[in-house]
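# need the 3D shape of this:
(one chain, ligands or ions: 1)
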Amino acid sequence: MGEEMGDAMDEKLLTVDDFEEAARHLLPRATYSYIRAGADEERALRANREAFSAYELWYRVLVDVASPSTATTVLGRHVSLPILISPAGYQRLAHADGEIATARGAARAATIFTLSTVSTVSLEDVAAASDGAKWFQLYVYKDRGLTQWLVERAERAGYEALVLTVDLPVVGRRLADERHGFHLPPGMTIANLEGRAAMPEDFEGSLLTAYFSAHLDPSVTWKDVAWLRSITHLPVILKGIVRPDDASRAVDEGVEAIVVSNHGGRQLDTAPASIHALAEVAEAVDGRCELLMDGGICCGNDVLTALALGARAVMVGRAVLWGLAVGGEEGVIAVLDLLAGELRRAMVLAGCPDVASASRDLVRRRSS
Ligand code: GLV
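Numbering: from 1, shown residues only. From the prediction side, this is the model:
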């Protein structure tokens, strides 16, 4: 356990919010703000979290919950808990070990790590450092050759699925990044694209916005989803859907899973909260593909609510990054352990000995 983690643990980090507070003290302001921020007025960011209060869990009693199990499968892969790691870029900003620490933490917790296209460690180096289950998040570059090259490398390196982000035709406006002039310090790069998709030299405001508008393609459509499926044997997961009709279309296009998500409130600021969107999407999809969700999960009760509303598993981004910032790999494990413990307690109190018993009847929208 690192020294930082030792100090932080002395402070008794009992909740994900405690980890955020500890990370806020450790991180440079620009990095903390980059991770924390939502778009514009941060309505979607707040809504993601607040929306969980709209649901009640109608717990069962007199069920044997002496040995609760959080284990499940996602796309056939066994995971010890229904909490996977969302893709998040630039993790060496949060901790020197960056994506390697997060991938190793996820592997030790027996869950799935998703590597962002814009990682600060290359997909090959992450694969060499961690033999746990890994997915690769993909953005579609204007240069489709570059996109295909990323896909081929992810396949070769043993990534088990491609997570295509579909909610980012352009980057939402993150005011803090503009104010701080978000950039990568010398020595840190978008490691997967080194020498292939150059960093813009002259830009104002956020490097992220400048880089994405230089290289990502806002004209991507369903045709590109079909193209992606045609060039890979990996399962394709679409991340960033909130509408039931888009979800049904995704199923018709043959995608293996959907991540119901508004990109952590970082894109369209008037987007619906992810958990509300999940409820509607689950009804439309009706079991035809696996559903995941992310956005606003901050405790085990939230995870159980999402499972009851139809998620196979949830994904967490910021929560794990706070752990990463506080203690590298040990911090990632600590946050996952914390969430797993909270989920187990929620399951026990709700009369759910396993995740399959988190059925739709467990959850209702509050009437007042
Ligand atoms: C990138 O995907 C971000 O949300 O910062």
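
# C-alpha only now, for contacts and for neighbours.
Noted.

# wait, what's in contact with the residue sitting nearest the centre point of the chain?
Geometric centre of the chain, nearest residue: S86, 1.8 Å, by C-alpha atoms, centre = their mean. S86 makes contact with F113, T114, D294, M315, V316, G317, according to C-alpha atoms under 8 Å, 6 or more residues apart in numbering.

# these two touch, right, G265 and D40?
No: using C-alpha atoms under 8 Å as the test, G265 is too far from D40 to be in contact (9.4 Å).

# how about the residue of the chain most remote from its centre: what's its closest non-neighbour residue?
The C-alpha centroid of the chain is most remote from L62, which lies 35.1 Å away (C-alpha atoms, centre = their mean). Nearest residue to L62, sequence neighbours excluded (C-alpha to C-alpha, 6 or more residues apart in numbering): G351, at 7.3 Å.

# show me the two of the contacts of S86 that sit farthest apart.
F113 and D294 (13.7 Å; C-alpha to C-alpha).

# pick out whichever of the two has more residues nearby.
For F113 and D294, the more surrounded residue by other C-alpha atoms under 10 Å is D294, and the numbers stand at 30 against 26.

# how about the helix or strand containing Y34: buried residues?
Under the criterion of DSSP states H and E, Y34 resides in helix 29-36. Neighbour counts using 16 or more other C-alpha atoms under 10 Å place A30, T31, Y32, S33, Y34, I35, R36 of helix 29-36 among the buried residues.

# equivalent analysis for stretch 343-357, please.
343-355.

# got the residue ranges for the strands in the chain?
For the chain, the strands defined by DSSP state E occupy 55-57, 72-74, 77-79, 83-85, 113-115, 134-138, 162-165, 236-241, 257-260, 290-294, 313-316, 363-365.

# a markdown table please, covering these and showing distance to L175 and mean pLDDT.
Formatted as a markdown table, the strands of the chain follow (distance: least, C-alpha to C-alpha, whole Å; pLDDT from 0 to 100):
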| stretch | distance to L175 | mean pLDDT |
| --- | --- | --- |
| strand 55-57 | 31 | 98 |
| strand 72-74 | 36 | 98 |
| strand 77-79 | 37 | 98 |
| strand 83-85 | 25 | 98 |
| strand 113-115 | 25 | 98 |
| strand 134-138 | 25 | 98 |
| strand 162-165 | 22 | 98 |
| strand 236-241 | 21 | 98 |
| strand 257-260 | 25 | 98 |
| strand 290-294 | 22 | 98 |
| strand 313-316 | 23 | 98 |
| strand 363-365 | 33 | 98 |
